[in-house]
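Chemist: Below are the sequence and a predicted model for it; my questions follow.
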Amino acid sequence: MTSSGTAVISPAPVMSPVPDPSAPPQTRASGRTVPRILIIANQKGGVGKTTTAINLATALAAIGRRVLVIDLDPQGNASTGLGIPASGRARGTYDLMIGEASISETIVRTAVPGLDVVPSTVDLAGAELELIDMERREYRLRDALQAAMPAYDYILVDCPPSLNLLTLNGLVAAQAVLVPLQCEFFALEGLTHLLKTIERVRHKLNPTLDLQGVVLTMADARNNLTNMVAADVRQFLGEKVYQTVIPRNVRVSEAPSHGKPVLLYDFRCAGSQAYIRLAREVLVREREEERVA
Ligand SMILES: Nc1ncnc2c1ncn2[C@@H]1O[C@H](COP(=O)(O)OP(=O)(O)OP(=O)(O)O)[C@@H](O)[C@H]1O
Ligand SMILES: [Mg+2]
């Protein structure tokens with residue numbers, strides 16, 4: 001950001017060459033040798049997973065991080081919201097998961113410099129059935145991502161609203177789960193169920209899986225229910241809940257129909273500014289975790 005508050009984001013050609021995954025690792029700003037892989041998950045629909053994946057990714061790219069979004073949802077909303085039309089998605093997560101394409105064959109550049117996406121295609125809806133009989137069916141994404149590791153600082157996985165085999169692949173590939181939570185009735189019940197799933201995955205498939213944090217989304221500070229649920233969630237999870245709360249903001253909901261992250265669509269709106277604060281918190285939290293480790 002410049003001192004005048006203007007975003008340092010300029011459009012880039014959408015289909016420019018993707019990074020060479022076999023290139024030697026570059027020094028990362030964080031000093032880590034592997035990217036941070038976060039899965040954005042909540043089995044509840046419409047809580048802001050995709051919006052968070054798109055805009056957190058954009059905010060991280062805007063401060064110079066190299067970011068890859070994996071669209072693991074057959075709805076393909078992350079791909080559309082990042083400006084990749086269905087016609088621009090020759091290969092995607094389906095081909096990656098069933099082993100018909102390598103990651104470098106599926107990566108597409110977005111208009112945000114430093115931000116790439118592996119789009120989802122309609123075939124992904126059938127992938128679950130196909131995966132059931134495949135070898136290492138829970139590890140397909142983890143295995144496929146290995147070749148892209150040197151090229152990125154962050155890999156964000158956007159999930160469908162279900163705890164199915166696709167989401168399970170995301171949980172196995174990730175280091176940590178970021179949970180967008182809408183402040184509404186029953187939010188805590190859904191969260192408890194998700195936390196139990198994370199615990200089960202940790203025991204059986206991915207021992208280092210961590211809860212990165214919970215971000216409250218679509219909040220309306222004038223609404224009592226929002227405030228009550230937010231207080232309950234903070235009491236339940238303490239510091240795991242980000243200080244940043246994403247407000248309900250019409251500019252956020254308009255941006256996807258323009259194929260743009262809200263940070264490009266309206267940088268100054270309350271939603272964009274909240275996602276920038278969230279990105280800062282994600283970076284700070286990660287540095288703290290590295291100091292402890
Ligand atoms: N902060 C916000 N303010 C206003 N509208 C929002 C906000 N965040 C998300 N939305 C809108 O709410 C709807 C659901 O958001 P989103 O698609 O991100 O949720 P999701 O959890 O990914 O949904 P699904 O479970 O279907 O994948 C979208 O229309 C989106 O534009
Ligand atoms: Mg979504």
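Modeler: It's in. Ligands and ions are numbered 1, 2, ... in the order given.

Chemist: Any idea how far apart the tips of stretch 88-98 sit?
Modeler: Stretch 88-98 has an end-to-end distance of 20 Å (Cα to Cα, to the nearest Å).

Chemist: who's in contact with that stretch?
Modeler: The contact list for stretch 88-98 (Cβ atoms under 8 Å, 6 or more residues apart in numbering) reads 14-15, 70-72, 76, 79, 100-103, 105-106, 108, 118-121, 123-124, 126-127, 130-131, 134, 140-141, 144, 166, 169. All C-beta spots, glycine's among them, are computed from the backbone N, C-alpha and C.

Chemist: Those residues also near ligand 1: which ones?
Modeler: Subset of the contacts of stretch 88-98 in contact with ligand 1: empty, counting by Cβ under 6 Å from any ligand atom.

Chemist: Report pLDDT for residue 5.
Modeler: Note for residue 5: predicted pLDDT of 37.

Chemist: And the one 5 residues further on, by the same measure?
Modeler: Among the per-residue scores, residue 10 shows a pLDDT of 34.

Chemist: So which bits of the stretch 1-150 of the chain are right by ligand 1?
Modeler: Within the stretch 1-150 of the chain, the positions near ligand 1 by Cβ under 6 Å from any ligand atom are 45, 46, 47, 48, 49, 50, 51, 73, 75, 77.

Chemist: just to revisit the earlier point, restricted to strands, list the contacts of stretch 88-98.
Modeler: 70, 71, 108, 118 (DSSP state E).

Chemist: Please enumerate the helices of the protein.
Modeler: Under the criterion DSSP state H, the chain contains helices at 49-62, 77-81, 93-97, 103-106, 124-132, 140-145, 165-173, 187-204, 224-237, 250-254, 262-265, 270-292.

Chemist: show me the residues around residue 53 that make contact.
Modeler: So, once contact is read as Cβ under 8 Å, 6+ apart, residue 53 ends up touching 40, 69, 78, 156, 157, 158.

Chemist: The closest residue to residue 73 other than its chain neighbours: neighbouring residues, count only.
Modeler: In this structure, residue 73 finds its nearest non-sequential neighbour in residue 160, 4.2 Å apart by Cβ to Cβ, 6 or more residues apart in numbering. By other Cβ atoms under 10 Å, the residues close to residue 160 number 24.

Chemist: any idea how far ligand 1 is from residue 160?
Modeler: From residue 160 across to ligand 1, the span is 6 Å (Cβ to the nearest ligand atom, to the nearest Å).

Chemist: Same question for residue 275.
Modeler: 9 Å.

Chemist: Output the below-cut-off pLDDT ranges for the stretch 1-150 of the chain.
Modeler: In the predicted model, the stretch 1-150 of the chain carries pLDDT under 70 at residues 1-32.

Chemist: Show me what from it comes close to ligand 2.
Modeler: Residues of the stretch 1-150 of the chain lying near ligand 2 by Cβ under 5 Å from the ion: 49, 50, 77.
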